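Undergrad: Give me a 3D structure for the following:
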Amino acid sequence: MSMSGRCDLIYTICAFLFQAILIAHFALRRWRFDLAVRHGWIVYALGVPAVAASLVLLLSGKAWSLWLGGFLYLAWGAFGFVIEYVKKIQWRSPIAWPVFGPYLLLYLATSMFYWWPLALIWKPLWYAAAVLFAAGLALNLASHKNAG
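TA: Numbers count the residues shown, from 1 in each chain. Sure thing, here's the model as predicted:
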């Protein structure tokens, strides 16, 4: 396998792992909220290996759209970790807009840069990621009914 092929594989694995991790976390949040809160920091901490993979892609000369996701994940993870686990800010209910805005922007940017560039690799990957994104979104929205 060529270096470019290996980099595409690294990106694809990272993109699908990101969606799978979110689905698992949102499902846990929906049905075992206490465990999700206790172990949710792990989701944020996974931004560290994500940025390591992005550095490999960057240094291999891949397009910016393929390496930006890991850096966005690290930013979202750091922001979320500080807000939720260091400062322990209750920002979801009621919505604290100064936290909600940047959090949502970083989350959506990370999601988009792990989803949309898959079309550059192989269009069916993009469709598969769209299904996972929709599943994660549905679970995320459903999990907030428990979070109250």
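Undergrad: Tell me which residues touch residue 36, please.
TA: By Cβ atoms under 8 Å, 6 or more residues apart in numbering, the residues touching residue 36 are 25, 28-29, 143. From N, CA and C alone the C-beta is placed, and that goes for glycine too.
Undergrad: ok, these vs residue 114, which is closest?
TA: residue 25 (14.7 Å; Cβ to Cβ).
Undergrad: got a pLDDT number for residue 148?
TA: Note on residue 148: pLDDT of 49.
Undergrad: By pLDDT, rank the contacts of residue 36 and give me the bottom one.
TA: residue 143 (90).
Undergrad: how far away is it from residue 24?
TA: Going from residue 143 to residue 24 by Cβ to Cβ, to the nearest Å gives 12 Å.
Undergrad: The two - which one has more neighbours?
TA: residue 143 (18 against 14; other Cβ atoms under 10 Å).
Undergrad: Number of residues surrounding the closest residue in space to residue 102 that isn't next to it in sequence?
TA: Spatially, and ignoring its direct neighbours in sequence, residue 102 is nearest to residue 79 (6.4 Å; Cβ to Cβ, 6 or more residues apart in numbering). Residue 79 sits with 18 neighbouring residues when counted by other Cβ under 10 Å.
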